[in-house]
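Trainee: Sharing a model prediction with you, sequence too.
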Amino acid sequence: MIGTEKSIESNQKEKAKEIIEKFFHQVTKGCGRQGCTNPNCASNPNFEPVQNNQAAVLAIQLAQNKAPLCDPMSSASKANIADDNDDIVTSKSSSTVNLRSSSASSSRNLACSLEEALKVVKNTNFTTTDSEQNFINEEKIQSLIQKCKENYKKTIHEKMDTDDLASDRRDIKKSYGPLFDLVNRVFTSYHALSKSFQFESNNTKMSTTMPCIPPFNIDFNSIRRSYSTLFSINGLGDELESVFNQALYPLCVSINLQLKKKIEEEEMDRILHAILVINELPILESPSYMDKCCKEFYSILTQLPAQASSKIVNLWSKWNADELRIFLYKAQQFITLEVVTKNMDLPSEDDENEDDDESETSAKKIIYKNDGIIGAVNYIRFIYYASLVGGRVDPEKQIRKEREMEIEDTSSLDRIDYQGNLYEGSNDLIYLPDPLEEELKIRPIDCREPKIPNNEFVNETLNQFIDVQYDYVEFTKQMKSLESAELDIKSELKKKSYFSFLANPFFVTLGKKNLGLFYDNKIKMMRERRFNIMISLLEGRMPTPYFKIRLSRQNILSEALNLIELQEQENPAELRKQLFVEFENEQAIDQGGVSKEFFQLAIDELLNKGYTFFQYDEKSKYYWFTPCTIESQPEFKLVGILFGIAIYNNVLLDVQFPPVFFRKLMGKIGTFEDLAFSHPELYQSLCSVLDFEGTDDEFENTFMLTFQIGLSDNFGNVVNFNLKENGDKISVNMKNRQEFVDLYADFILNKGIEDSFKAFRIGFMKLTHNSPLARWFTPKEIETLLCGTKVLDWKALEKSTTYDSGFEKDTPYIKDFWNIFEEFTDEEKMLFLKFTTGTDRCPHGGLSELKLTLARNGPDTDKLPTAHTCFNVLLLPEYSSKEKLREKLIKAIQYSRGFGLS
């Protein structure tokens, strides 16, 4: 049996060697047929000639990809060769090669077969030897260009004057042949590139905009000057681009092959050096070379491990924003062109033809198989993290404290989950952070001001083709694969490589991310529903597929909190079901609209009916936690659960919190800087304390402050608090004023509300703890998810409205309707929004996302217009006059509470 396996292994090596040699002959000599149509054959008129070392790497790549193989022999022989070639199969997911064989050892030995074949290629002088490898730098380029110029002058001098332009062109190319050879020799070997453009301390000073840090020793200014010099040689631009293009493709292929093996750190640094030198090439910005050269270059980046990637990120983090933008826009241009050229004939989303829809879905998935796009997204990911690391990051001491608090909060949440069986019957996904994020020890939320604003990383064109449902499935597989790798579990998921755009949330629009969150929540709801049905059948009782609450309109908040508390104590898993609200003595069925009104009324009562959960700041127009609250921690926890249920059920809330509220929800600590938005009047006062110029006596006489502060509760009573021990006896002076300001801000945003906010956050996290909320969304985006957007474009609402039951856009009656609507005050427009949708909050993406429908509801009548808030449908009778339409419409929106059937 062993002898048989050795024989099979030997045959595989010979077969691989034979096929690669055939491909090598094909790309160097051709098949001999004139006008051959094989794009990878030298006999094809459009095939660009390649050097031997390029041909060797290209031959291996063609063999792996099962490319068509020309053969000048008989058809029978041709069939045999094709069968041989068909035995080599490439698995893109594992990046390894498998041979068809009944032997169990065949797949393990294929890599060895290719390595042996590569050695054969090297031994037959298909590649350059180590002694022939060279390097390139600015001095060498300038010296060689000077020699080439002298050669050309000598050639012209020896020849008689002629008007033969073709002959002159050949002379120029021949004179500059040594330069072409040097470029070709260096740019086909990453070892040669790793020795090129090294920074010399006795040479030009290091760039301040593109500094270099260990382990790299690259003079980027010299690289750019050298490339500029090369491509400015008159008449040789096209030839140089062709030389670079022919060299880069096999170079990138060879680097890709190398990265699939386990290599030492020193070798990895050489590859990274080569990647950084290639990255500066101007031709990477040229559309002419994007389909082949750029795609292969970007695909390299998907193979880089997190440790190697972090070295590039740390280097770029030292560069200024303008330099990084050059790289960012280059990659965005590549992605856009790839999407447009590959999907330009896609049907529109409004096309209702089923076959076209299937075609569109299939076409959208093309982006998940495009290695160039995947690599370019990964390239942008490097720039994104470089922008974070090099941006304005919170102090290290603060971050350490936040991590400690997060660990404590997470452990307490986990204990609650296990004790309360919140995830009973489910196997929830663990949303692990980006491995690069772990390597760099930074979270996006730790950076207050990145070098490049986050919105610049979003590619709107590609986002149109992201299939969120498919992408979410790939994301879950990717998370499970990372979890398996972290736990060192050998599984099929770990062996495969998955990609999803949702794993790169900086690249995805808020609308797509929200849809992904919707799928995630729906899956959890369905899981709880199935589990409930199964348990109900076993116990012989009726299943309860929804979290159903029934209450009266008189005591909405108190009744709701009591019901939530009951479920939270008896069966927390109920909270993860879909919410279903019923009002007493009302017969409406909750398909979304009743829930919207419930939250609208509950929040209104929470903020305005004598509760002391929150205080309103007239200057900032924001609510904040009351330091002097009379509400208990369990009540704050229930309010947090209520907010969590809202975001879990995709309902907007009519409440405004400052940005620091959403940062704290994600585990951050409030600082003095945050007071500028939450308490602007206090912030200005404290700034005047810091900005005061004068003596200590003048300072104390002016401000007369101690380390004791007084705050008003919701009833106007002043309560005093010491910022430090015996604070009422410690005066604030010029020396300790910074401490006073920091302690004051810390008290208002953290310590003064610590117990209340912690209870609220624990309640909120009960519904969002194990969700991609923190993984996908920034604090600003969470604010939009929870409270909607503040920008209201009423014209967008009109443009996106659809019509039904006899109404059309150009109907005179509809034109009258929109004329009336334009005359409404802002308050009346908000009431209209609330009447038709159940809430006056605008969803993320603007009013165009509402998809309002105006439907005809019979002829002239004295009845008022009605609305299906679950579906954003306004049922509008065709009144006899414009004035009657105005009168009925205003009455309807002003008296719009309740779900009666009249």
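Mentor: That came in fine, so what should we check first?

Trainee: From now on I want contacts and neighbour counts done on CA atoms only, so please keep to that.
Mentor: Will do.

Trainee: Now stretch 797-811: buried residues?
Mentor: Within stretch 797-811, the residues that qualify as buried are 797-798, 801-803, 807-808, counting by 16 or more other CA atoms under 10 Å.

Trainee: now, which of these lie within helices?
Mentor: In helices, defined here by DSSP state H, the members of the buried residues of stretch 797-811 are 797-798.

Trainee: Out of the buried residues of stretch 797-811, give me the two with the largest separation.
Mentor: When the buried residues of stretch 797-811 are compared pair by pair using CA to CA, the two farthest from each other are 797 and 807, 16.6 Å apart.

Trainee: Give the buried residues for the helix or strand encompassing residue 312.
Mentor: Following DSSP states H and E, the helix or strand that holds residue 312 is helix 306-316. Of the residues in helix 306-316, 308-316 count as buried by neighbour count, 16+ other CA under 10 Å.

Trainee: Serialize those residues to CSV and add fields for distance to residue 408 and pLDDT.
Mentor: CSV is the format used below for the buried residues of helix 306-316 (distance: CA to CA, whole Å; pLDDT from 0 to 100):
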residue, distance to residue 408, pLDDT
308, 32, 93
309, 31, 94
310, 28, 94
311, 32, 94
312, 33, 95
313, 31, 95
314, 30, 95
315, 34, 94
316, 34, 95
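
Trainee: With distance to residue 445 as extra columns, can I get those residues in CSV?
Mentor: Written out in CSV, the entries for the buried residues of helix 306-316 read as follows (distance: CA to CA, whole Å):
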residue, distance to residue 445
308, 23
309, 20
310, 18
311, 21
312, 21
313, 17
314, 18
315, 21
316, 20
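
Trainee: Just give me the closest of these to residue 765.
Mentor: residue 310 (31.3 Å).

Trainee: Would you check that that closest one makes contact with residue 438?
Mentor: No: contact between residue 310 and residue 438 fails when scored by CA atoms under 8 Å: they sit 9.8 Å apart.

Trainee: Next, please give the residue ranges for the strands of this protein.
Mentor: Under the criterion DSSP state E, the chain carries strands at the ranges 88-91, 96-99, 392-393, 447-449, 546-551, 578-583, 614-617, 622-625, 708-712, 718-722, 802-804, 853-856, 866-868, 873-876.

Trainee: Could you pull up the residues touching the nearest residue to residue 545 once chain neighbours are set aside?
Mentor: Residue nearest to residue 545 in three dimensions, not counting chain neighbours: residue 529, with 5.0 Å by CA to CA, 6 or more residues apart in numbering. Contact criterion CA atoms under 8 Å, 6 or more residues apart in numbering gives 544-546, 577 as the residues in contact with residue 529.

Trainee: Now do the contacts for residue 216.
Mentor: When contacts are counted by CA under 8 Å, 6+ apart, residue 216 touches 269, 273.

Trainee: count of residues packed around residue 785?
Mentor: Burial measure for residue 785: 22 neighbouring residues, criterion other CA atoms under 10 Å.

Trainee: For it, give its distance to residue 594.
Mentor: For residue 785, the distance to residue 594 under the criterion CA to CA, to the nearest Å works out to 19 Å.

Trainee: Let me know the average pLDDT across stretch 24-32.
Mentor: Stretch 24-32 shows a mean pLDDT of 81.

Trainee: With just CA atoms, put it into CSV.
Mentor: Taking C-alpha atoms only, stretch 24-32 is exported to CSV below (Å, rounded to 0.1, in the frame of the first residue of the first chain):
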residue,chain,number,x,y,z
PHE,A,24,5.6,27.6,-20.1
HIS,A,25,6.2,26.6,-23.8
GLN,A,26,2.7,28.1,-24.7
VAL,A,27,3.4,31.5,-23.2
THR,A,28,6.9,31.8,-24.5
LYS,A,29,6.9,30.0,-27.9
GLY,A,30,3.2,29.6,-28.7
CYS,A,31,1.3,26.8,-30.3
GLY,A,32,2.4,27.7,-33.8
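
Trainee: And the pLDDT for the closest residue to residue 37 other than its chain neighbours?
Mentor: If the residues on either side of it in the chain are set aside, residue 37 comes closest to residue 44, at 5.8 Å by CA to CA, 6+ apart. We note a pLDDT of 79 for residue 44 in this prediction.

Trainee: could you list every residue that touches residue 44?
Mentor: With contact taken as CA under 8 Å, 6+ apart, residue 44 is in contact with 30, 34-38.

Trainee: Roughly how far does it sit from residue 763?
Mentor: For residue 44, the distance to residue 763 (CA to CA) stands at 69 Å.

Trainee: next one: residue 194
Mentor: 55 Å.

Trainee: now swap in residue 894 and tell me
Mentor: From residue 894 across to residue 763, the span is 35 Å (CA to CA).

Trainee: do the same with residue 509
Mentor: From residue 509 to residue 763 the distance is 28 Å (CA to CA).

Trainee: These two: which is more packed in?
Mentor: A count of neighbours by other CA under 10 Å puts residue 763 above the other of residue 509 and residue 763, at 26 against 18.

Trainee: Who are the contact partners of the more buried one?
Mentor: Residues counted as contacts of residue 763 (CA under 8 Å, 6+ apart) are 636-642, 644.

Trainee: so which of those residues is the most crowded?
Mentor: The most crowded member of these is residue 641, carrying 26 neighbours; neighbours defined as other CA under 10 Å.

Trainee: Okay then, goodbye and thanks.
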